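1. Got a predicted model here, sequence first, then my questions.
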Amino acid sequence: MLHFTNAPPPDPSGPGLRLRRTPNAGKLTAIITCRRLIGTPTHFYQHRTIPCQGSDCPACNANHPWRWHGYLSAIDSKTNEHFLFEMTAQAAEPFTNYFQRHGTLLGCMFEATRLGEHHNGRVLIRCKPVELTKINLPNEPDLIGCLCHIWNIPRPEATIDGLTKQHDRIRINKNDDGNNRPIPKTQSQT
């Protein structure tokens, strides 16, 4: 049965926010709209970043390395766009320090740049608080819901402890290249 309406749904985009990273050149200045960041191990697999799926992960099975990526929501100071900001564990340190000092990330203004303005240059983050009584921020989005939307994962499959369950095949120590490697199947089954 078909169903027609005279108006679009109230929220046509659903839980989706655009994913942004630190630009190659220039800077990104934004105000955080969530209380905490979340993160999960991810793989760059088949030309895109995907979350590690634990013991049944196709990227682990193909021996692809993983990296932890963190996510938070923010409003771009220039365009007023509400977006998800992706960062590596190293780049997340200023946000972790800010959270420890203030008990929340909500209302933190940050500036993200790259050292040397290279596409793979080290990300530099500077944080400072803003007066929340002088700005009107949108409601905090469901970060996990937004990531599930981007990665095409059913929301019930995600947990707050991480987007994947049981990383039983992941070795925590890092290699010289900064990546973590999955443990081969023969070693993980012992």
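-> Noted; the coordinates are in hand. Numbering: from 1, shown residues only.
2. And the pLDDT for the nearest residue to residue 95 once chain neighbours are set aside?
-> Using CB to CB, 6 or more residues apart in numbering and skipping the chain neighbours, the partner closest in space to residue 95 is residue 37 (5.6 Å). Any C-beta I mention is one placed from the backbone N, CA and C, and that applies to glycine too. pLDDT for residue 37: 94.
3. so where's the longest strand in this protein?
-> In the chain, with assignment by DSSP state E, the single longest strand is strand 66-76.
4. what is the orientation angle of the top helix by length along the chain with strand 66-76?
-> Assignment by DSSP state H gives helix 89-102 as the longest helix of the chain. With axes from the mean of the first three to the mean of the last three CA atoms, to 10 degrees applied, the angle from helix 89-102 to strand 66-76 works out at 60 degrees.
5. related to what we said a few turns ago, quick one, what contacts the residue nearest to residue 95?
-> By CB atoms under 8 Å, 6 or more residues apart in numbering, the contact set of residue 37 is 70, 71, 72, 87, 92, 95, 99, 105.
6. where in this structure is pLDDT low?
-> Regions of the chain meeting the criterion pLDDT under 70 cover residues 1-3, 8-15, 156-190.
7. Okay, helices next: where are they in it?
-> Assigned by DSSP H, the chain shows helices spanning 58-61, 89-102, 143-151, 185-188.
8. what would those helices look like in CSV with mean neighbour count?
-> Formatted as CSV, the helices of the chain follow (neighbours: other CB atoms under 10 Å):
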stretch, mean neighbour count
helix 58-61, 18
helix 89-102, 15
helix 143-151, 19
helix 185-188, 11
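9. Could you dump those helices into a markdown table and include distance to residue 45?
-> Listed next are the helices of the chain as a markdown table, based on distance: least, CB to CB, whole Å:
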| stretch | distance to residue 45 |
| --- | --- |
| helix 58-61 | 4 |
| helix 89-102 | 19 |
| helix 143-151 | 11 |
| helix 185-188 | 17 |
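10. For residue 32, find the nearest of those helices.
-> helix 89-102 (8.0 Å; CB to CB).
11. Remind me what that closest one packs against, helices and strands.
-> Applying 3 or more CB pairs under 8 Å, 6 or more residues apart in numbering; DSSP states H and E, one finds that helix 89-102 contacts strand 66-76, strand 108-114, strand 123-129.
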